[in-house]
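Chemist: Everything below, folded, please.
(2 chains)
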Amino acid sequence: MLRFATKGFVCALFAPALLLAEVSFNRDVRPILSSTCFACHGPDEKHLSGELQLTSLERALKGGESGEPALVPGDARASRIIQRALSNDPELVMPPPEFHTRLTAEQKQTLVDWVDQGATFEKHWAFSAPKKADVPPVGPSGSENPVDRFIEARLEKEGLQVAERAEFPVLARRLHLDLTGLPPTIEELQLALDADSGSVGALIDRLLASPHYGERMAVDWMDASRYADTHGYSRDGTRHVWLWRDWVLKAFNDNKPYDAFITEQLAGDLLPDATDDQLIASGFNRLHPITQEGGTIPEENLVNYVVDRVKTTSEAMLGMTMACAQCHDHKYDPISQKEYFEFYAFFNALGDKGIDGLEGRNAKPTHTAFSPLRDEAELARLRKERETLAAELNRPLPEAQKAWEDAIAADLKATAEFVTQSLKPVAATSPGTHEPAVFQEGNISRLQGRVSPMQITFEIPVNFGEISGVRLTSLPSAPDRKPCADQKRDFAVKSLSASFSPVFAPSINLNSLERFSRVSATSTQDWNQPPANAFQPTQSWRSASVAGRPESLTGTLKRPVNTGAMRFLVLELIFGNGQPDLIQVEVFRGKDPDPAHPLDIVSAVQKPAGERTVEELAALQDYFKRTSHAKARHRHALANLDARIHFHSSKHETMVMNAAEKPRKTHILNRGVYSDKLEEVQPGTPKIFPPLEADEGTTDRLDLARWFLRDDHPTTSRVAVNRIWSLFFGRGLSESLADFGSQGTYPSHPELLDWLAVDFRESGWDTKRLIRMIVSSRTYQQSSKASPGQLEHDPKNEMLARGPRFRLQAEFVRDVFLRASGLLNPQLGGPSVNPYQPGDLWRQVSHFGSVGDAGQTFVQDRGDRLYRRSLYTFWKRTLPPPNMAAFDAPNREICSIGRMRTNTPLSALVLLNDPQFVEASRFLAEQVLQMDEPPGDRLRFVFRQITSTEPNDEQLQVMQEQLDREIAYFARHPERASSLTTAGDTPVGVAEDRLLELATWTNTVSLVFNLSQTITKY
Amino acid sequence: MDVPEHAITNPLNRRAFLGKMAGGLGNIAFGSLFLNELSQAAMAGDASSLLPHFRRIAPKAKRVIFLFQSGGPSHVDLFDAKPSLVNNHGKELPPSVRGDQRVTGMTSRQKSFPVVRPIEDGKLCGKNQTWISNLLPHTQTIADDICVVRSMHTEAINHDPAITFINTGSQQLGLPSMGAWVSYGLGSLNRNLPTYIVLISQGSGKNPGQPIFSRLWGSGFLPSQHQGVMLRAGADPVLYLDNPPGIDRQHRRTMLDSLESLNQRFADELGDPETLARIHAYEMAYRMQVSVPGLTDLSGEPDQVFQLYGPEARRPGSYAANCLMARRLAERGVRFIQLFHRGWDQHKAINAQLRKQCLDTDQASAGLVKDLKQRGMLEDTLVVWGGEFGRTVYSQGQIGNPNAGRDHHGRCFSIWLAGGGIRGGMTWGATDDFCWNIVKDPVHIRDMNATILHQLGLDHNQFTYRFRGLDNKPTGVEPAHVVKGILESRGDRA
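Modeler: Presented below is the predicted three-dimensional model:
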């Protein structure tokens, strides 16, 4: 327990004020009043304690219920608030003990000094419009850049100096990472040296013009705007709002002035003759989570949505947290509950619904348009590319096709034993009905009620031996049975999953689902040929057997299962379009005799090649193209290309704002509760800010946007420049990126923040100009080396006597690997993609099977979609990409500004073991293998390619020693080389006899990728 | 689990770190290994002055095992039955009792609200004669070890807001989970495993059950090293744990040694404590590669242990196996262990579904308590069993129909606690004749959270984290009260 009010200490507090530094109200006093006094004596008029309000000198002099002034300017000793603050009487001391907050000795001293120095109150710094102070004279560095002049003036005051400029390769890497989120390649570094003759200015211009600049800038705005590809909340189904992301990207690349940037996002739909792009932009305030949970109360949900819009808009654009005022007048900032709901009213006038977005659809209102990034030139190029690729896919591969046909024929001919064993069902469950199945004689289950999804457990006889596969058979209904409504003649098995268990298991084990190598189906109709992967959740198999004859779907296990170890089989069945009446499940050993291919293919491959008809030859070639492993790469490439063409050539739907014909009325909600309505309010802005000027008629979001952009608006430009500054320095000039209220942090360089804020507005809200000014500064370009003294005195680098240094954010960590390895697919914009994820994590938490919403089960992409930049990775709110979550990526359920930067074992495991990252190492290693240079030069290449710097002798030696250890290791275990090098989807590009070499280099490259400097901007 | 920004391998940084600790405690993330090293170092001198002000309650529990029953278990059927329910079976729930309680969109259009008696009888158990349903025969046997709180309540009536409320202290999105708060406040007790671990199982009564979300074990605005780490029953229990195929542990060591020497150089050259922290993170990752497989290998557990938890404990990923895993995690110093068992949402077919949910969980939950007790660990392990709300006494759907069930009910529900300084063999609070309203000693979920924190030695009123200008408390802005009446007093244990 801290007790400072000893006699001696109190005396020390009243030392002569002359000796003390001047106290600034805004910098020193307001934070203390705000965090310790305002809860009871602050702006919240309705809940004042003892009628005392300490928000102005006038109110403090008026005092509280005692009628005596709370303070005497110039005389701390005689001031009641000081007496109470210093008292050690628990009855008198302020704040009172039950308030659980204490003043520190330092804070008490500050209050005493402040009163002794006259107790001046100032308006909160962030509520006065910023003004340009005179730019200080040019400092010792000689730089005329205003940023440097402000920073150096402060450094001089603190007795510090600007550090030396970072070495060119380090600086070039810093600029590449900061302006594009990608590291420079060796060629780019060379280009910077040659073409720009090492001129940093030219490099900055080139990078600002790069299309990757927009991608880099978009990521942070996506955090602030809580962008995601799912609706969030419990069902968390898919939505399609990536057009908005495309719009943001383009806005940055086109250097859209910030005033238009926020106007179009706040009110693009209300602009006269709104363009498609402006409508897309208005989606900003539709990106909040939207629930599909049955049973929720729409009116309550709608309140949540509007509350989110207020929160996001106020944090991202206004730099204020208004959320407190939803339930009561703000305790710290002068925002009343009424003002909160006036602000809320702007966002409560659209025609959205409380429950919407079911089954993977967007929630209304929506708009359909071309992507802002639609690119005719790329489209033309893609169409050309498509011709080549299609030709490549169609190109006959006689040898490969022959081998493939032979394999099918051999499979058909193979006459291994086939022994089936029908299994006894022992338990069945389905969430929708109490008894989904009745077990009949002959191990037959009669399904009843609507059973999809259904889990059914079977017992396996002990002595059956090794199980090769599983067969599901639907049987004809008994003649006397009339199929019920759910039991149509046709039905589809939309998904069939299987797991084995050594003990009775009532549900399927999602952590060890069986995989199948071969699937066959009997069929009476040609449209229900089994797809090669019918057992995957996105494929389905249709049957027509309810009243016909038995039909089976048979899967051969990738790895046979031993009956001795596994006594139970659990199947999860998801039916679509009806369901069967009677089913029976068998396991088998030996080989499934049913063909795993359509009947025409089966008959064709069995004929000698010379006797096949033209139709058969065509069918074979077509089937080869569609299903063979030999053609898989081209197939995926073509599918991806077609998707990309579709992106450019078609219109797409996105969620937007609109104005409802009959807008909802806005009421103050008592304690924020949706159903407890008080007086009605009209749209308005808090009085602490300059007034809102509305056109005749209704006040709407367009008026609000104009209000944000008033010349005398105190926060709009400050918030923007502060956030942009933080992208480059790792922290803002005020650390509170989203909270400029009285609880926010006082800026380290208030004059610079204000100067930049005014200059930004005066420049026509020119973002690139602002960024150029920042990154051109000597301050930014300093070396980031820190001396022990600096670490001790200024660990956070507030004074900026050294350059910025911090770990890259999640997206850019992955992007560094993709770019440096050469795997990166540089396409801009478009729908989100699904790169590698371990297992099916989504299904562990989702409603898969129970609801039709998309995004309940994870399906990985193939081909070049695995290597898109990370901002395009599909963002599922309830389970964001785990390899980015390990690097502090937020879940995007709410507005999030400024990320943390932690170092955890989980992030180390990602870089070491995630196939995405192992594949990158292997891919770069393949390039090393193309080189003729000696190992030393190859190591140098790897190091430069990844870190942009030249290794020194010591580093080279460590790498060389590791390489030697790799060589020795794989020489001892040659068989392990192929295991390591098969990570990822991209085929190995070197000959078999060089796999050993490839493995040794893969691990050596991985060492360099895992270096701290690889993922640090320094 | 976590490595703070200022690693302490470098003596200079160790000094700077300690200096910071003594100076402004509020800004340091406490959930760190280093705090423990620090406390050990401080033991020699004045230890208590280094403990933050929110940790000055003497802790009764070192760790929590939260057996979260996701979906809303029926308190009416399991813990809170009374003769009046049998007497009123089939009769309309009196409007005077129903009051202004809002109901979900699933039954709000129902014309009648008939009372349904518990689907199964129960027994008065233990010295306190606590009524527990016969659906939970094993729980009946631990009646003297548990405290059944029958007066829990929440404002939320739908899953997402309710489950978010109980796990994060607020219905709003974006706040840290209780486990993350505890990790932040108390730090780790071990060097090889995360501080907060989450295990998920699927219920067999209703499968799939209501979805769950990573926010329930997320870190919200706290540093992300405090988020729960999912432990899966499979080849890679922690994501990305295994080395790539072809790389063995010994060989990985050589690579990490090279990495460390290169990173150390970089750190020295630039004066970069963050890189030192990263070296630590890699070392812990390496240790986890051994500690996790050791943890998940149950082959050393004797048969009687499996008998205690039930046959399901042999099935990886089941609730029972997760309960056994929870004990193993507790033994290894994991602070906060949370199971999520899905499928307790019995809108339909409650008669069939609830039995299965109970079969999934009853023996293992009781087995865990017994096992901890046998090992002397129950004293400092707080076990909590409960869901996000209860269920209506009235029937959802036509009474008597086997497909009928019960809707959500937040106005009262039951949970139980054991160990960690909670008095066993008691009940707390009471509901009315219809299990609808609380008539005695209401416990809001934030009171329960305050109580859990209190047992860990954390004062929920003092325990804050500043974010967006607000000193956030794990129990939110509304006042919360420790439920003193369920705490063990000194004389309780002879």
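
Chemist: all contacts plus neighbour counts: C-alpha atoms, from now on.
Modeler: Fine.

Chemist: Contact residues of the stretch 301-450 of chain B facing chain A?
Modeler: Within the stretch 301-450 of chain B, the residues that sit near chain A (Cα under 8 Å from any Cα of the partner chain) are B:311-312, B:314-315, B:317, B:348-353, B:402-403.

Chemist: Just among the residues you listed, which is most surrounded?
Modeler: When neighbours are counted by other Cα atoms under 10 Å in any protein chain shown, residue B:353 leads these with 29 neighbours.

Chemist: what about the nearest residue to it once chain neighbours are set aside, distance to residue A:579?
Modeler: The shortest distance from residue B:353 to any non-neighbouring residue, by Cα to Cα, 6 or more residues apart in numbering or on different chains, is to residue B:205 (4.0 Å). Residue B:205 is 21 Å from residue A:579, where distance means Cα to Cα, to the nearest Å.

Chemist: Which element is encountered next along the chain beyond the helix or strand hosting residue B:369?
Modeler: In this assignment (DSSP states H and E), residue B:369 forms part of helix B:350-374. Once the chain leaves helix B:350-374, the next helix or strand it forms, by DSSP H and E, is strand B:381-386.

Chemist: okay, the angle between that following strand and helix B:350-374?
Modeler: Strand B:381-386 and helix B:350-374 are oriented at 170 degrees to each other (axes from the mean of the first three to the mean of the last three Cα atoms, to 10 degrees).

Chemist: For the stretch 651-800 of chain A, which segments are assigned as helices?
Modeler: Ranges of helices in the stretch 651-800 of chain A, per DSSP state H, counting those that start in this stretch, are A:701-708, A:716-729, A:750-762, A:767-775, A:778-781, A:788-793.

Chemist: which stretch among these comes nearest residue A:324?
Modeler: With distances scored as Cα to Cα, the stretch of those nearest to residue A:324 is helix A:716-729 (19.7 Å).

Chemist: How about residues contacting that closest one?
Modeler: For helix A:716-729, the external contacting residues (Cα atoms under 8 Å, 6 or more residues apart in numbering or on different chains) are A:130, A:178, A:316-319, A:708-709, A:731-734, A:737-738, A:740, A:753-754, A:756-758, A:760-761, A:770-771, A:774-775, A:780, A:803-805.

Chemist: Excluding chain neighbours, give the residue nearest to the residue in the stretch 301-450 of chain B that chain A sits nearest to in space.
Modeler: Residue nearest to chain A within the stretch 301-450 of chain B (Cα to the nearest Cα): residue B:349, separated by 4.8 Å. Among residues not flanking residue B:349 along the chain, residue B:403 sits closest, at 3.9 Å (Cα to Cα, 6+ apart).

Chemist: Reformat the helices of the stretch 651-800 of chain A as JSON lines; add distance to residue B:212, mean pLDDT and mean neighbour count.
Modeler: Output for those, formatted as JSON lines (distance: least, Cα to Cα, whole Å; pLDDT from 0 to 100; neighbours: other Cα atoms under 10 Å in any protein chain shown):
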{"stretch": "helix A:701-708", "distance to residue B:212": "36", "mean pLDDT": "97", "mean neighbour count": "21"}
{"stretch": "helix A:716-729", "distance to residue B:212": "34", "mean pLDDT": "97", "mean neighbour count": "24"}
{"stretch": "helix A:750-762", "distance to residue B:212": "43", "mean pLDDT": "97", "mean neighbour count": "21"}
{"stretch": "helix A:767-775", "distance to residue B:212": "41", "mean pLDDT": "98", "mean neighbour count": "18"}
{"stretch": "helix A:778-781", "distance to residue B:212": "44", "mean pLDDT": "98", "mean neighbour count": "26"}
{"stretch": "helix A:788-793", "distance to residue B:212": "43", "mean pLDDT": "90", "mean neighbour count": "15"}
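
Chemist: could you dump those to CSV with distance to residue A:663?
Modeler: Converted to CSV, these look like this (distance: least, Cα to Cα, whole Å):
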stretch, distance to residue A:663
helix A:701-708, 13
helix A:716-729, 28
helix A:750-762, 34
helix A:767-775, 36
helix A:778-781, 49
helix A:788-793, 57
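
Chemist: Flag every residue of the stretch 51-200 of chain B that's near chain A.
Modeler: Residues of the stretch 51-200 of chain B lying near chain A (Cα under 8 Å from any Cα): B:53, B:104, B:105, B:106, B:157, B:158, B:159, B:160, B:173, B:174, B:200.

Chemist: now the fifth one, nearest residue through space, not along the chain?
Modeler: I take that to be residue B:157. residue B:410 (5.6 Å).

Chemist: and if you look at the first one?
Modeler: Once its chain neighbours are removed from consideration, residue B:53 has its nearest residue in residue B:462; the separation is 7.1 Å (Cα to Cα, 6+ apart).

Chemist: so where does that neighbour fall, helix or strand?
Modeler: Going by DSSP H and E, residue B:462 is not part of any helix or strand.

Chemist: residue contacts, it?
Modeler: Here residue B:462 is in contact with A:100, A:101, B:53, B:54, B:473 (Cα under 8 Å, 6+ apart).

Chemist: what about the third one, how many neighbours?
Modeler: Looking back up the chat, that one is residue B:53. 18.

Chemist: Residue B:461 versus that one, what's the distance?
Modeler: For residue B:53 relative to residue B:461 (Cα to Cα), the value is 11 Å.

Chemist: Repeat that for the first one.
Modeler: According to Cα to Cα, residue A:100 and residue B:461 sit 7 Å apart.

Chemist: Repeat that for the fourth one.
Modeler: Note on residue B:54: its distance to residue B:461, by Cα to Cα, is 8 Å.

Chemist: Neighbour count for the two, which is higher?
Modeler: The neighbour count for residue B:54 versus residue B:461, taken as other Cα under 10 Å, is higher for residue B:461 (21 against 17).

Chemist: Start from the N-terminal end of the stretch 801-950 of chain A and give the strands.
Modeler: Here the stretch 801-950 of chain A has its strands, by DSSP state E, counting those that start in this stretch, at A:806-807.

Chemist: Flag every residue of it that's near chain B.
Modeler: A:838, A:844-850, A:878-879, A:888, A:891, A:893-894, A:900-906, A:908-910, A:912-915, A:918.

Chemist: Narrow those residues to those that are buried.
Modeler: A:844-850, A:878-879, A:888, A:891, A:893-894, A:900-906, A:908-910, A:912-915, A:918 (16 or more other Cα atoms under 10 Å in any protein chain shown).
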